[in-house]
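Engineer: A structural model of the following input is requested.
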Amino acid sequence: MRFNIRFVCTVLAFTAMLRLETVNAQNNQDRKTLIVIFDGLRSDYVTPEIMPNTFKLLKKGCVSSNHHSVFPTVTRVNSAAMSTGAYPAVNGLMGNSVYFPEVDPVNGISTDDAHALMNIQKVTGGKLYTAVTLSEILQKNGKNLMIFSTGSTGQSYLLNPNATFSSPVINPNFIQPAAFSDTLFRAIGPIPEFSGKNNGPRHIWITNAYMHFGLHKNGPEVSIVWFSDPDGTAHAKGVGSPETIASITFADSQLGRIIEEISDKGLASQVDIMISTDHGFVTHTGRNNLVNTLIEKGYKRDKLSDDVVVVGGAVYVKNREEKTIGNIVSILQHQDWVGAIFTDNSSKDRALGHIPGTLSFNAIHFDHSERKPDILFDYDWDSIKNEFGYPGRSSSYGVAGHGSSSPFEISTLLIAAGPGFKSGGYKSILPTSVVDIMPTILKMHGIEIPKQVEGRVMSELIASSQDKATKKDYLIRTSTTGSYGKYKIEASFTSFKDKVYLNYTKTTREK
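Structural biologist: Numbering: from 1, shown residues only. Coordinates of the predicted model:
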């Protein structure tokens with residue numbers, strides 16, 4: 001009799017487990033995930049006055065208040081990180097401009113143009129990325145990803161370089177595959193013209209495209225909607241300018257339309273939303289040019305020579321000549337406008353570079369076996385407020401921008417809402433990153449996460465989960481002394497489980 005009771009209990013438990021698996025499978029099948037990116041969003045823009053719809057979702061759902069952009073804090077590096085769930089050291093996309101000597105031996109290649117990226121893909125035999133993408137994984141599991149973006153064509157392409165008719169890329173300047181155009185235009189009309197001042201009409205158009213295709217019953221399981229503002233406006237008008245604030249408020253209104261459409265279609269119990277950004281933004285104060293300095297010092301023959309190639313903040317020295325690398329690092333340490341400097345790893349300490357007074361590529365997830373430069377340098381920054389009252393300045397050139405390792409460019413928010421996430425304004429202080437978005441999507445759709453994915457599942461934000469692990473904050477310091485005085489770097493990191501997040505670097509000089 002005792003055996004029979006145990007047998008019955010076992011059968012009931014097994015039956016319940018099968019039912020639970022069936023329900024979970026059905027939930028995964030019906031679930032839709034929407035990622036909304038406001039390009040260049042600062043955390044202090046998320047207020048009831050500036051972004052009412054985003055703020056309401058923050059209060060309704062949950063937020064990671066310790067979210068990180070991937071360094072270098074530029075758009076396409078973070079597009080790649082979102083697409084692959086990996087850092088540059090693994091996915092091979094090293095900057096907004098990249099160096100492929102087999103394509104161009106003396107110049108960097110801008111990644112803002114999808115056609116330039118497609119050419120790299122062709123020349124490298126399909127190795128633009130050295131990592132698998134979200135779109136590939138979803139397609140192998142019978143699911144689709146659609147991209148809806150008013151950003152650059154390159155940013156859009158990087159999110160889904162494997163576009164198909166079922167998983168297309170929709171950008172006003174780039175539709176992939178091209179054969180999808182007729183279906184698109186019949187559904188939502190022609191592409192609005194861009195005046196060069198206001199991208200609002202295109203924000204509306206891309207929102208219409210998502211609401212038609214992304215929320216369709218047979219539409220994609222995963223969608224990414226990428227708004228080019230406030231980045232597009234802030235570059236020209238500045239952080240916190242009236243024009244920049246107006247642009248982000250308008251983009252936020254399109255999120256409001258999406259939320260309303262989800263409600264009207266009765267999909268609130270099926271759609272999970274994550275809202276974030278690729279990077280923050282700071283005011284720029286510099287007018288510096290390393291190429292000219294290297295030519296003046298005799299380390300580069302001319303602007304088109306291949307002896308030293310400068311691509312953004314990356315420096316490639318021909319034949320990796322060690323003496324030249326050391327001399328260029330010394331020149332950079334002399335410059336007041338230069339912030340942290342990174343070089344190949346020291347044999348004694350993998351957090352430090354092999355050139356004195358530098359941090360290592362390994363410390364910032366930049367140690368790609370084939371594509372890493374010889375030197376990566378950052379711009380110096382401070383916390384001074386600009387004319388509109390927004391703190392954060394960088395010695396980079398232009399009106400305003402991003403790319404540096406200041407907390408104003410690295411630190412941001414990730415907001416999540418929907419049936420799969422915690423609710424009621426739950427706030428987590430555990431560190432998260434752009435690389436964590438991809439594995440979290442896969443987890444929520446019941447898909448196995450590949451081993452090469454470096455990001456983690458943001459389980460602390462998922463409904464009914466409990467994560468008692470704790471984070472650890474720590475600093476790494478290095479310094480060196482030269483004729484200019486003492487050059488010092490302090491880098492702040494947070495470790496959580498087996499993941500390490502860069503918070504900021506800060507450079508000081510003592511004359």
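
Engineer: I figured Gln121 was touching His115, is that so?
Structural biologist: No. Proximity of Gln121 to His115 does not meet the contact threshold set by CB atoms under 8 Å, at 10.3 Å. All C-beta atoms are positioned from the backbone trio N, CA, C, and that covers glycine.

Engineer: what about these two, which has more around it?
Structural biologist: Taking other CB atoms under 10 Å, Gln121 and His115 do not tie; Gln121 has more neighbours (15 against 10).

Engineer: so the more buried one, which state does it fall into?
Structural biologist: helix (DSSP: H, G, I helix; E, B strand; the rest coil).

Engineer: over to Gly126?
Structural biologist: Following three-state DSSP, the label given to Gly126 is coil.

Engineer: need the pLDDT of it.
Structural biologist: At Gly126, the pLDDT value in this model is 95.

Engineer: one more: the one 5 residues further on?
Structural biologist: The model reports Ala131 with a pLDDT of 97.

Engineer: Phe14 now?
Structural biologist: For Phe14, pLDDT reads 50.

Engineer: likewise the one 4 residues further on?
Structural biologist: You'll see Leu18 listed with a pLDDT of 44.

Engineer: hmm, who's touching stretch 187-197?
Structural biologist: Stretch 187-197 is contacted by residues 172, 201-202, 204-205, 208-209, 212-213 when judged by CB atoms under 8 Å, 6 or more residues apart in numbering.

Engineer: can you get me the start-to-end distance on it?
Structural biologist: The separation between the terminal residues of stretch 187-197, taken as CA to CA, to the nearest Å, is 27 Å.

Engineer: pretty sure Asn327 sits against Leu294.
Structural biologist: No. The criterion here is CB under 8 Å, and Asn327 misses it with Leu294 at 9.7 Å.

Engineer: helices and strands of the chain: which one bottoms out on pLDDT?
Structural biologist: Between all helices and strands in the chain, the lowest mean by mean pLDDT, DSSP states H and E belongs to helix 2-30, at a mean of 48.

Engineer: looking at Asn327 and Leu294, which one has more neighbours?
Structural biologist: Leu294 (23 against 16).

Engineer: now do the contacts for the closest residue to Gly232 other than its chain neighbours.
Structural biologist: Leaving aside its chain neighbours, Gly232 sits nearest to Asn199 (5.7 Å; criterion: CB to CB, 6 or more residues apart in numbering). Neighbouring residues of Asn199 by CB under 8 Å, 6+ apart: 150, 228-229, 232-233, 247.

Engineer: with His203 instead?
Structural biologist: His203 neighbours (CB under 8 Å, 6+ apart): 150, 227-229, 250-251, 254.

Engineer: one more pass at 10 Å, please.
Structural biologist: By CB atoms under 10 Å, 6 or more residues apart in numbering, the contact set of His203 is 150, 172, 192, 225, 227-229, 247, 250-251, 253-254, 257.

Engineer: which of those residues fall in strands?
Structural biologist: 225, 227 (DSSP state E).

Engineer: which of the contacts of His203 sit farthest apart?
Structural biologist: Pro172 and Ser253 (18.4 Å; CB to CB).

Engineer: who has more neighbours out of those two?
Structural biologist: Pro172 (22 against 16).

Engineer: double-check the more buried one against Thr153; I have them as touching.
Structural biologist: Yes. The criterion here is CB atoms under 10 Å, and Pro172 meets it with Thr153 at 9.1 Å.

Engineer: need the three-state assignment for the spatially most central residue of the chain.
Structural biologist: Nearest residue to the geometric centre of the chain (CA atoms, centre = their mean): Asn78, 2.4 Å. Applying three-state DSSP to Asn78 yields a three-state assignment of helix.

Engineer: report the contact partners of it.
Structural biologist: Asn78 neighbours (CB under 10 Å, 6+ apart): 37, 39, 69-72, 93, 96, 155, 158, 276-279, 402, 433-435, 437.

Engineer: make it 6 Å
Structural biologist: 69-70, 278, 434 (CB atoms under 6 Å, 6 or more residues apart in numbering).

Engineer: from the residues you listed, pick the one nearest Ile476.
Structural biologist: Val70 (18.1 Å).

Engineer: roughly how far does the closest one sit from Met438?
Structural biologist: 12 Å (CB to CB, to the nearest Å).

Engineer: what's the answer for Asn386, then?
Structural biologist: 34 Å.

Engineer: for these two, indicate the residue with more neighbours.
Structural biologist: Set Asn386 next to Met438 and count neighbours by other CB under 10 Å: Met438 wins out with 26 against 18.

Engineer: for that one, which non-adjacent residue is closest in space?
Structural biologist: Ranked by CB to CB, 6+ apart and with sequence neighbours excluded, the top spatial neighbour of Met438 is Gly85, at 3.3 Å.

Engineer: got the contact list for the one you found?
Structural biologist: Applying CB under 6 Å, 6+ apart, the residues contacting Gly85 are 435, 438-439, 453, 455.

Engineer: so Leu117, which state does it fall into?
Structural biologist: Leu117 ends up helix, using three-state DSSP.

Engineer: next, count neighbours for it.
Structural biologist: Neighbour number of Leu117 under other CB under 10 Å is 24.

Engineer: show me the shaky parts of this structure.
Structural biologist: 1-29 (pLDDT under 70).

Engineer: okay, Tyr45 and Leu442: tell me how far apart.
Structural biologist: Separation of Tyr45 from Leu442 (CB to CB): 29 Å.

Engineer: ok so, going back, most neighbours among the contacts of stretch 187-197, please name it.
Structural biologist: Neighbour-wise, the contacts of stretch 187-197 (other CB under 10 Å) top out at Ala209, 24 neighbours.

Engineer: what sits against that residue?
Structural biologist: So Ala209 contacts 148, 170, 188 (CB under 6 Å, 6+ apart).

Engineer: quick one, phi psi at it?
Structural biologist: Dihedral angles of Ala209 (phi, psi; degrees, to the nearest 10) stand at phi -60, psi -40.

Engineer: same question for Ser483.
Structural biologist: Taking degrees, to the nearest 10 as the convention, Ser483 sits at phi -60, psi -20.

Engineer: tell me how many other residues surround it.
Structural biologist: 6.

Engineer: what is the end-to-end distance of stretch 428-441?
Structural biologist: End-to-end distance of stretch 428-441 (CA to CA): 18 Å.

Engineer: what sits up against that stretch?
Structural biologist: Contacts of stretch 428-441 (CB under 6 Å, 6+ apart): 33, 64-68, 70, 78, 81-82, 85, 134, 222, 414, 449, 453-458, 460, 471, 494, 496, 501.

Engineer: distance check, the closest residue to Asp467 other than its chain neighbours against Lys468.
Structural biologist: Leaving aside its chain neighbours, Asp467 sits nearest to Glu460 (4.4 Å; criterion: CB to CB, 6+ apart). Distance, Glu460 to Lys468, by CB to CB: 10 Å.

Engineer: can you check Ile170 too?
Structural biologist: Ile170 is 42 Å from Lys468, by CB to CB.

Engineer: neighbour count for those two, which is higher?
Structural biologist: Ile170 (27 against 5).

Engineer: who's in contact with the more buried one?
Structural biologist: Ile170 touches 148, 209, counting by CB under 6 Å, 6+ apart.

Engineer: show me what it is bridged to.
Structural biologist: Under the criterion DSSP bridges, Ile170 forms beta bridges with Phe148, Ile175.
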